[in-house]
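In: this is the structure alone, sequence omitted:
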């Protein structure tokens, strides 16, 4: 039986090792409701009042701030530079650029609210596992709204009417689930759980492949390379089994048509090669305050203006050097902490973070606002505050085997 700290009351000597008080569980469940509403509300026809989702998120943020109480500095210090990024960008837009474009700041306000909520809920043990399961369930809810869009060369799948309708966003959402389930399966001792986890991961990978999005597929490949570094130390046999399973699926020809689509897309110009140098020059020309969010699209020809498709360039172009430096500091802390995990942790919830962070970083460099996605906020937040999650993992490893079996079903 658990006490209020989430530790088994039958083992008081373990409960004294961690004095952190966790936010109440209902706040976490309400955040999942908010997330599902944001992703599926429009598709289900229940978002009749657009402000409901934002209002619920604001209330949750206030409740989470209240719940952490005197621990507020310790909880939010790891992502302080993310808060500086969002607040400075909103301030620069409000005071120095077109006030009519303030609606473009709404996404950044929502990002700040999510940062507040996630960093508080991240104190709860097993948060990453529950987020991954909720993300997977939401992904299943998106499947009925998927539809193909064909041109003369290939077909891409999107999910119109949902919060991840764009093919790239859809691929990133399922890419997160792919990486989580593949590496969670490697850690499982229960054979049935491992098989189910890998089946879910391969299913998510199939959805990623259907989107024919190159960035997420590259991110998954690099994330697997990073994740295998630690997995090879402990999980050689499960890893070999997984590789053989993937080879079997490939030989079966299930992905053959999708591979042909990727080969077709490989000859296409993404536009980044043209817009990135132009966007960088515009940042240099307006270094201190940027050009404003409303003027971010950059003309690459006389007929087309596109956004940078890069989170760093988007922030620097929109608000100048100060928010950009803050965002870089945020990413630097995430990267340093992830490297520390990679070197020192081989098993547990924390060991899942390096491949997930790798995937998220690749996507931040591929699209404008992916760093605001809920799964990225969770992964970056947990990595930035990795001292807490590794402490929870060490606590779990020190529990008697019978307790861990009760908790994980192993």
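Out: Arrived safely. All of these numbers come straight from a predicted model, not from anything done at the bench. Numbers count the residues shown, from 1 in each chain.
In: which outside residues touch stretch 22-29?
Out: Contacts with stretch 22-29, where a contact means CB atoms under 8 Å, 6 or more residues apart in numbering, come from 4-6, 60, 63-64, 67-68, 117, 120-121, 123-125, 127, 130. From N, CA and C alone the C-beta is placed, and that goes for glycine too.
In: swap in stretch 288-301?
Out: Residues from elsewhere that reach stretch 288-301 (CB under 8 Å, 6+ apart): 92-93, 96-98, 100-101, 104-105, 271, 274-275, 278-279, 282-283, 305-308, 314, 316-323.
In: next, count neighbours for residue 225.
Out: By the measure other CB atoms under 10 Å, the count of residues near residue 225 is 11.
In: quick one: distance of the strand or helix carrying it to the chain centre.
Out: Element membership for residue 225 (DSSP states H and E) is helix 214-234. From the chain centre to the centre of helix 214-234 is a distance of 15 Å (CA atoms, centre = their mean, to the nearest Å).
In: mind listing what's buried along that helix?
Out: 214-217, 219-220, 223-224, 226-228, 230-231 (16 or more other CB atoms under 10 Å).
In: ditto for stretch 289-305
Out: In terms of neighbour count (16+ other CB under 10 Å), stretch 289-305 has its buried residues at 289, 290, 291, 292, 293, 295, 296, 298, 300.
In: ok so, going back, and the helix holding residue 225, what does it pack onto?
Out: helix 167-187, helix 191-211, helix 236-251, helix 256-265, helix 321-344, helix 353-364 (3 or more CB pairs under 8 Å, 6 or more residues apart in numbering; DSSP states H and E).
In: so that helix versus helix 353-364, what angle?
Out: 170 degrees (axes from the mean of the first three to the mean of the last three CA atoms, to 10 degrees).
In: what's helix 214-234 in contact with?
Out: 168, 171-172, 175, 178-179, 182-183, 186, 205, 208-209, 239, 262, 265-266, 270, 342, 345-347, 351, 354-356, 358-360, 362-363, 366-367.
In: filter these down to the buried ones.
Out: Neighbour-count burial (16+ other CB under 10 Å) applied to the contacts of helix 214-234 gives 168, 171-172, 175, 178-179, 182-183, 186, 205, 208-209, 239, 342, 345-347, 351, 354-356, 358-360, 362-363, 366-367.
In: quick one: the helices in the stretch 1-150 of the chain?
Out: In the stretch 1-150 of the chain, the segments counted as helices under DSSP state H, counting those that start in this stretch are 12-15, 25-44, 51-68, 72-76, 80-96, 106-121, 127-142.
In: among those helices, which comes closest to residue 191?
Out: Closest approach to residue 191 among the helices of the stretch 1-150 of the chain is made by helix 127-142 (18.8 Å; CB to CB).
In: what residues of that closest one count as buried?
Out: Within helix 127-142, the residues scored as buried using 16+ other CB under 10 Å are 127, 128, 130, 131, 132, 134, 135, 136, 138, 139, 141, 142.
In: where does the prediction get shaky in the stretch 251-400 of the chain?
Out: The model of the stretch 251-400 of the chain has pLDDT under 70 over residues 251-273, 301-303, 387-400.
In: show me what contacts residue 183?
Out: For residue 183, the contacting residues are 227, 231, 351, 352, 355, by CB under 8 Å, 6+ apart.
In: just flag the most distant two among the residues you listed.
Out: Distance extremes for the contacts of residue 183: the farthest pair is 231 and 352 at 10.4 Å, using CB to CB.
In: show me what contacts the nearest residue to residue 176 once chain neighbours are set aside?
Out: Excluding its sequence neighbours, the residue lying closest to residue 176 (CB to CB, 6 or more residues apart in numbering) is residue 375, at 4.5 Å. By CB under 8 Å, 6+ apart, the residues touching residue 375 are 131, 135, 173, 176, 360.
In: same question for residue 104.
Out: 93, 293, 294.
In: again, only this time at 10 Å
Out: Residues near residue 104 by CB atoms under 10 Å, 6 or more residues apart in numbering: 90, 93, 97, 98, 292, 293, 294, 296, 318.
In: next, the angle helix 191-211 makes with the helix holding residue 225.
Out: 160 degrees.
In: next, the angle from helix 214-234 to helix 321-344.
Out: Using the same axes, to 10 degrees: helix 214-234 against helix 321-344 is 30 degrees.
In: give me whichever of the helices of the stretch 1-150 of the chain is most buried.
Out: Highest mean neighbour count among the helices of the stretch 1-150 of the chain (mean count of other CB atoms under 10 Å): helix 106-121, with a mean of 21.
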